[in-house]
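Visitor: Kindly return the folded structure for what I paste below:
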Amino acid sequence: MTLAPFAADPSRSRGRRYREDDRAARGPRDLFQRDRDRIIHSIPFRRLRHKTQVFVAPDGDHFRVRLTHSLEVAQIGRTLARALGLNEDLTEALCLGHDLGHPPFGHAGEDALQEAMAEAGGFDHNAHSLRLLTRLESPYPRHPGLNLSWETLEGLAKHNGPVAEPGWALQEIDGDWPLELRTWPSLEAQVAAIADDIAYDNHDIDDGLRAGLLSLEALLDVPIVSGSWTAVRARYPDVPEQRLLPELVRDQIGRMVNDVLEESRRRIADAGVQSAEDVRAAGRMLVGFSPGMAAAERRLKRFLHAQMYNAAPVRAVKAQAQKVLAGLFAAYRADPQLLPPEWRPKEEGTVASIRAIGDFVAGMTDRYAIRRYEALVGPADMPEGF
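Guide: Reported below is the predicted structural model:
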């Protein structure tokens with residue numbers, strides 16, 4: 001496939017932070033393909049299969065977890081990238097790597113770590129993704145991290161837009177190899193960001209219906225859903241409603257993808273960008289929903305927050321999950337020798353100790369965090385259900 005002039009081109013990459021030994025045979029893959037494969041083969045990526053998306057992973061085999069969510073984002077991202085003439089491999093790498101830094105129990109776990117690490121600058125899952133990829137996950141013999149390309153690290157750092165005030169973790173990484181945090185990200189990174197929104201908006205509907213937290217009747221009060229449902233029922237008037245719920249989700253994804261393509265083509269043409277550097281200097285996001293779809297999507301998000309993310313059963317599990325992480329953190333802080341030797345702080349001082357504990361706890365899966373809590377603190381009274 002011929003790339004558009006504003007796409008990221010691996011032959012014009014800014015390269016990797018560390019020079020690599022090129023004597024090993026690695027197959028016919030370009031720079032971004034190798035970045036994607038390094039992420040897929042990494043331990044943090046494998047751990048995503050036991051990390052919460054919305055529902056705590058141990059409680060339901062059919063609910064999405066961070067791993068399945070990341071795969072679904074990558075599928076949507078590649079579709080958008082191909083249609084826009086962008087680099088699919090870089091897009092896929094960004095989609096697969098965007099959630100690597102999530103701690104156990106999803107956003108509930110992130111809130112608990114943010115509070116526990118306040119003295120040391122707090123915790124941010126996106127910055128922790130970069131920390132994992134550049135420092136903590138080190139399977140290669142001569143350098144720390146996965147030594148990903150500049151474009152992949154840049155895209156992960158700012159796929160949601162420029163970063164005006166980076167936290168401590170991102171500051172460290174940017175200080176080592178500047179990622180131009182105040183500029184706009186590549187179009188591939190912008191695609192990864194909107195693919196994330198499309199995936200979780202619609203797949204959370206699927207999970208919410210499966211869990212019984214959402215009803216079709218309530219969903220039909222959301223205009224974008226009712227419009228899709230009308231179209232689905234018109235196509236399949238003789239099929240029972242229950243059989244059409246997956247079709248509703250697919251229809252929603254298709255409508256959003258088509259809207260993004262039409263709106264993004266318009267923005268790209270209006271901006272007149274002719275290179276990846278033009279995109280970074282454009283001063284605004286060039287990939288996104290049209291104004292009408294953006295308003296409809298915000299309405300859907302408000303509905304999901306009210307009816308699903310803040311539902312009483314979900315809140316109960318989140319509260320206990322935060323108790324587990326807070327208790328674990330307190331136990332390790334009281335006695336850092338409880339950490340495995342390779343995770344103990346290498347520097348003296350409170351900040352170094354807190355950050356070392358944060359690195360270890362953030363890497364845990366849901367079930368491992370529960371096991372360690374039960375071993376070090378006491379029974380983890382996780383509510384049944386979600």
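Visitor: Output the below-cut-off pLDDT ranges for the stretch 151-300 of the chain.
Guide: Along the stretch 151-300 of the chain, no part satisfies pLDDT under 70.
Visitor: just the helices in it please.
Guide: Ranges of helices in the stretch 151-300 of the chain, per DSSP state H, counting those that start in this stretch, are 168-176, 187-211, 216-219, 223-235, 241-271, 276-280, 291-304.
Visitor: mind listing what's buried in the last one?
Guide: Same thing as helix 291-304. 293, 296-297, 300-301, 303-304 (16 or more other Cβ atoms under 10 Å). Every C-beta, even on glycine, is put in place using the N, C-alpha and C of the backbone.
Visitor: residues making contact with it?
Guide: 197, 201, 204-205, 208, 218-219, 221-225, 255-256, 259-260, 263, 288-289 (Cβ atoms under 8 Å, 6 or more residues apart in numbering).
Visitor: let's go with 10 Å and repeat that
Guide: 54, 194, 197-198, 200-202, 204-205, 208, 213-214, 218-219, 221-225, 227, 252, 255-256, 258-260, 262-263, 288-290, 309-310 (Cβ atoms under 10 Å, 6 or more residues apart in numbering).
Visitor: where does the residue most central in space within the chain land on pLDDT?
Guide: Of all residues in the chain, the one closest to the mean position by Cα atoms, centre = their mean is residue 99, 2.9 Å from it. Per-residue pLDDT puts residue 99 at 96.
Visitor: same deal with residue 37?
Guide: 97.
Visitor: and the residue nearest to it when sequence neighbours are not counted, how many neighbours?
Guide: Distances taken as Cβ to Cβ, 6 or more residues apart in numbering place residue 29 nearest to residue 37, at 6.9 Å, with adjacent residues excluded. Using other Cβ atoms under 10 Å, residue 29 has 13 other residues around it.
Visitor: I figured the residue nearest to the centre of the chain hits residue 67, correct?
Guide: Yes - the pair residue 99 / residue 67 is scored as a contact, 8.8 Å apart, by Cβ atoms under 10 Å.
Visitor: Mind listing the shared neighbours of those two?
Guide: Counting by Cβ under 10 Å, 6+ apart, the residues touching both residue 99 and residue 67 are 45, 48, 51, 53.
Visitor: Top of these by number of neighbours, please.
Guide: residue 51 (27 neighbours).
Visitor: And for it, nearest residue in space, chain neighbours not counted?
Guide: Closest to residue 51 by Cβ to Cβ, 6+ apart is residue 66, at 4.2 Å.
Visitor: Please apply the same query to residue 145.
Guide: Per Cβ to Cβ, 6+ apart, closest to residue 145 is residue 134, 4.0 Å.
Visitor: Count the neighbours of the one you found for me.
Guide: Counted with other Cβ under 10 Å, residues neighbouring residue 134 total 23.
Visitor: wait, it sits on residue 149?
Guide: No - the criterion here is Cβ under 10 Å, and residue 134 misses it with residue 149 at 11.9 Å.
Visitor: Overlap in contacts, the two.
Guide: residue 17.
Visitor: Now do the phi/psi pair for the residue in the chain sticking out farthest from the centre.
Guide: Centroid-distance maximum for the chain: residue 238 at 38.8 Å, with Cα atoms, centre = their mean. For residue 238, the backbone dihedrals (degrees, to the nearest 10) come out as phi -100, psi 10.
Visitor: what about it, distance to residue 247?
Guide: 13 Å (Cβ to Cβ, to the nearest Å).
Visitor: Can you check which residues contact both of these two?
Guide: Between them, residue 238 and residue 247 share no contacting residue, judged by Cβ under 10 Å, 6+ apart.
Visitor: mind exporting whichever strand or helix holds residue 108 as CSV, just the C-alpha atoms?
Guide: Following DSSP states H and E, one finds residue 108 within helix 106-116. Extracted C-alpha coordinates of helix 106-116, given in CSV (Å, rounded to 0.1, in the frame of the first residue of the first chain):
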residue,chain,number,x,y,z
GLY,A,106,-8.3,-0.3,36.0
HIS,A,107,-9.1,3.3,36.9
ALA,A,108,-10.0,2.3,40.5
GLY,A,109,-6.4,1.0,40.9
GLU,A,110,-5.0,4.1,39.3
ASP,A,111,-6.8,6.3,41.7
ALA,A,112,-5.5,4.2,44.6
LEU,A,113,-1.9,4.5,43.4
GLN,A,114,-2.2,8.2,42.7
GLU,A,115,-3.1,8.7,46.3
ALA,A,116,-0.5,6.3,47.7
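Visitor: what about it, average pLDDT?
Guide: 95.
Visitor: Pull out the CA atoms of the helix or strand that comes right after it and give them to me as PDB.
Guide: Next along the chain after helix 106-116, taking DSSP H and E as the criterion, comes helix 125-131. The C-alpha coordinates for helix 125-131 follow below in PDB (Å, rounded to 0.1, in the frame of the first residue of the first chain):
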ATOM      1  CA  HIS A 125      -1.000   5.100  33.700                       C
ATOM      2  CA  ASN A 126       0.000   6.700  30.300                       C
ATOM      3  CA  ALA A 127       3.300   7.800  31.700                       C
ATOM      4  CA  HIS A 128       3.800   4.400  33.300                       C
ATOM      5  CA  SER A 129       3.300   2.800  29.800                       C
ATOM      6  CA  LEU A 130       6.400   4.800  28.700                       C
ATOM      7  CA  ARG A 131       8.300   3.900  31.900                       C
END
